[in-house]
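K.L.:
structure for the following, please:
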Amino acid sequence: MFRPIHLSSTTARRSALVGAGLTAVGVAAAVATAPSASAADLAPWVLHHKGTITTHLKTLNTNVTFAAADTTTVPLGKLPIPVSSAITTQTGHASLTTGPKLGNLKLAAFEVRILPQGPATGTFDPTKNDLELTQNLRLQITKATALGLPINLISGSCTTSTTTLKLSGNLSRLDTGQVNLFGAISAKGQLTIPKFSNCGILTPLLNTIATGSGNAVTVDLQPN
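P.N.:
This is a model prediction of the structure:
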């Protein structure tokens, strides 16, 4: 029984420079299509990344950027390659230039968390450099402040129901033009944000300004 192979950024850089015919994608494709290869006998690669996830809130016309890290498991043995990615994020902050109001209160900023509901799963086709991922998640607003009133106006858990984010992207390429399985990841998608509940007095306002479809998501991750 083989243990997963954890690959650091140093290992990634060295692997990227192995030489002609031994790029990561070449190895992955060769192993996946070799008649004698047994998926049960192949040690999966475990890749680590850090970077950002940026969500553009359509209604508010503002960006929320989350610092993010992921651990991606890449089992070998077939094409396209199945992918499972455990993503963690830090709290994102949104400043509101439009200043929506609740009575005499002008909302100035809020903080939001991404709550993944399990790992992101999907496939990567190295022959096309095509990454497809699906992530189930909830959003939680942990803090909201009004202009001139720096107290938290959120009094409950203030979360959405589960929504599904579908991402499409690719990996960076080597100087040779070949896909680098150990390289940077770029992906984009559109997020529909369900209504929030248990937000206290701000629930109606938040559901007016921070929910709905067409919220663009951009993921940029670098090998760690």
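
K.L.:
quick one: the strands in the protein?
P.N.:
Listed in chain order, the strands of the chain (DSSP state E) span residues 5-7, 45-57, 62-74, 81-89, 92-95, 101-102, 105-116, 120-125, 130-146, 159-160, 163-171, 185-193, 196-197, 212-223.

K.L.:
so how far is F110 from P150?
P.N.:
Relative to F110, P150 is positioned 13 Å away (Cβ to Cβ, to the nearest Å). Bear in mind the C-beta positions are built from the backbone N, C-alpha and C, glycine included.

K.L.:
no, scratch that, I was asking about N152
P.N.:
Noted for N152: a distance of 10 Å to F110, by Cβ to Cβ.

K.L.:
overlap in contacts, these two.
P.N.:
Listed as contacting both N152 and F110 by Cβ atoms under 8 Å, 6 or more residues apart in numbering are 143-145.

K.L.:
now, among these, which is nearest to L57?
P.N.:
Proximity of those to L57, judged by Cβ to Cβ, is greatest for A144, which lies at 13.6 Å.

K.L.:
which pLDDT value goes with the residue lying closest to the closest one once chain neighbours are set aside?
P.N.:
Computed as Cβ to Cβ, 6 or more residues apart in numbering, the closest residue to A144 that is not its neighbour in sequence is F110, at 4.1 Å. Turning to F110, the model gives it a pLDDT of 92.

K.L.:
contacting residues for F110?
P.N.:
When contacts are counted by Cβ under 8 Å, 6+ apart, F110 touches 93-94, 96, 141, 143-145, 154, 206, 210.

K.L.:
any of these buried? List them.
P.N.:
Buried positions within these, assessed by neighbour count (16 or more other Cβ atoms under 10 Å), are 94, 96, 141, 143-145, 154, 206, 210.

K.L.:
any idea what K106 is bridged to?
P.N.:
Beta-bridge pairing of K106, defined through DSSP bridges, involves K101.

K.L.:
I'd guessed it sits against T145; true?
P.N.:
No - at 10.2 Å, K106 does not count as touching T145 under the criterion of Cβ atoms under 8 Å.

K.L.:
ok, T203 - contacts?
P.N.:
Applying Cβ under 8 Å, 6+ apart as the definition, the contact partners of T203 turn out to be 158, 196-197.

K.L.:
surely L191 and V217 touch.
P.N.:
Yes - using Cβ under 8 Å, L191 is in contact with V217, at 5.1 Å.

K.L.:
and the two? Which one has more around it.
P.N.:
L191 (23 against 19; other Cβ atoms under 10 Å).

K.L.:
who does the more buried one bridge with?
P.N.:
N215.

K.L.:
and the gap between the residue of the chain positioned farthest from its centre and P223?
P.N.:
Distance from the C-alpha centroid of the chain, by Cα atoms, centre = their mean, peaks at N104 (36.9 Å). From N104 across to P223, the span is 50 Å (Cβ to Cβ).
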